[in-house]
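> Got a sequence here, can you model it:
(one chain, ligands or ions: 1)
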Amino acid sequence: MAIDAALYSGSKCYFFHGSQYLRVTRGDTGPGTVDSGYPAPISNWGWPGGFGAGGIDAALYSRSKCYFFKGNRYVRVTRGDTGPGTVDPGYPAPISNWGWPGGFGAAGIDAALYSGSKCYFFKGNQYVRVTRGDTGPGTVDPGYPAPISNWGWEREFIRIHFKSLLPVTPALGQFMDTQFTELQKLYATVHIDARRGSTEDLSGDPNLSSLIALDVGRCLLGQPTQEQRDLFSHRNGAGGNDLVVYVVQTLVSTNNSNFVGCATHPDGQPGAAVVQNSARWLTAHEVGHVLGLRHVCEFPSPQNPSPNVACVAGSNQSDRLMFPNVQWTHPPPDIAGAEATTMLASGLTRPLPF
Ligand SMILES: [Zn+2]
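Predicted structure coming up:
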């Protein structure tokens, strides 16, 4: 059972679903009791021209007035706690009369919320906050529309499988557990729910034994080596958007970099390779790359002697998860707000109902 809209109205609350609604007598909390005679048809409200009789999108309490929204129009009603009241002259009227910025909500809204001096109107993944009295459009506060994700409800999930080219000893099992647990705790702070998938021991596969020292070339995103292509094609048990973390003995680079992780992967086979290492957030860092994050800075190298954003000793760059080596300061490392937005926008994080 889903509801389309809900309305506070003092001693009564109303819940709308399809062409019907319930009236409930209740206090501030709890379910209260459904009044006798409900559910009843919305048409009982008697809105002009059958407005809303088939269902409404949103309802807004506003003390002496109530507003009901359907499609691109709304009605304003003068009423007390109970009963249909009377529709004010001139309604239904277009939602565009509210004058929200950029035509926000003009074609329809999903929900409305009264909150004393503020009202909130929701559409898609955005909302506006309006300062107003009982009547009239009021004024949209600066900075709106804004993303609903600002409310901090949004949660997405990723699923991570581990596949090891080394025998899964108790110590290696502990390594994978720690890597996953630290990733899970850190990602939870940015509303990403990390779920553990399968763990596979590939050490007995003779076709893979040569990949235990994995050639990662220069470890450039989007440029996997043939060995990375060979390894990452092993995805048994992993769904299309699942990530696979491969544990190998060493990562062999063409530029003598001492890589302990590399997030380069073939298109459509998301994942990373890591070596067993004491860096607790190594997998969190590499998965961060897979979810679209870049390093916060770079150290000069023969390939890139003057990086755009150079790592500066003594700065707080090393507090961040995406510091380019694993020498984090003030752990656990930080994920910045813009980074969280990037991660949540990745096609690999999938929305959860809240
Ligand atoms: Zn990195």
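
> then the host helix or strand of Ala171 to CSV, C-alphas only?
Using DSSP states H and E, Ala171 falls within helix 170-188. The C-alpha coordinates for helix 170-188 follow below in CSV (Å, rounded to 0.1, in the frame of the first residue of the first chain):
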residue,chain,number,x,y,z
PRO,A,170,43.3,-17.1,7.7
ALA,A,171,45.6,-14.1,7.4
LEU,A,172,44.4,-13.3,3.9
GLY,A,173,40.8,-13.8,5.0
GLN,A,174,41.5,-11.3,7.8
PHE,A,175,43.0,-8.9,5.3
MET,A,176,39.9,-9.0,3.1
ASP,A,177,37.6,-8.7,6.1
THR,A,178,39.4,-5.6,7.4
GLN,A,179,39.5,-4.0,4.0
PHE,A,180,35.8,-4.5,3.5
THR,A,181,34.9,-3.5,7.1
GLU,A,182,36.9,-0.2,6.9
LEU,A,183,35.4,0.5,3.4
GLN,A,184,31.9,-0.1,4.7
LYS,A,185,32.3,2.2,7.8
LEU,A,186,33.8,5.0,5.7
TYR,A,187,31.3,4.8,2.9
ALA,A,188,28.4,4.7,5.3
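
> Tell me which residues of it come out buried.
Judged by neighbour count (16 or more other Cβ atoms under 10 Å), helix 170-188 contains these buried residues: Leu172, Phe175, Met176, Gln179, Phe180, Glu182, Leu183, Gln184, Leu186, Tyr187. To be clear about C-beta, it is placed using only N, CA and C from the backbone, and glycine gets the same treatment.

> any idea of the mean pLDDT in the next helix or strand after it?
Downstream of helix 170-188, the first helix or strand assigned by DSSP H and E is strand 192-201. The pLDDT scores in strand 192-201 average 97.

> Strand 192-201 packs against which elements?
Contacts defined by 3 or more Cβ pairs under 8 Å, 6 or more residues apart in numbering; DSSP states H and E place strand 192-201 against strand 156-164, helix 170-188, helix 337-345.

> Tell me how far Ser253 lies from Lys163.
21 Å (Cβ to Cβ, to the nearest Å).

> Phe122 now?
Where Lys163 is concerned, Phe122 sits at a distance of 42 Å (Cβ to Cβ).

> Equivalent analysis for Thr225, please.
Thr225 sits 18 Å away from Lys163, going by Cβ to Cβ.

> ok, Val245 touching Gly271?
Yes. Using Cβ atoms under 8 Å, Val245 makes contact with Gly271 at a distance of 6.1 Å.

> pretty sure His285 is in a strand, no?
No. Counting by DSSP: H, G, I helix; E, B strand; the rest coil, His285 falls outside a strand, being helix.

> Leaving out sequence neighbours, find the closest residue to it.
Excluding the flanking residues, the one nearest His285 by Cβ to Cβ, 6 or more residues apart in numbering is Leu321, at 5.7 Å.
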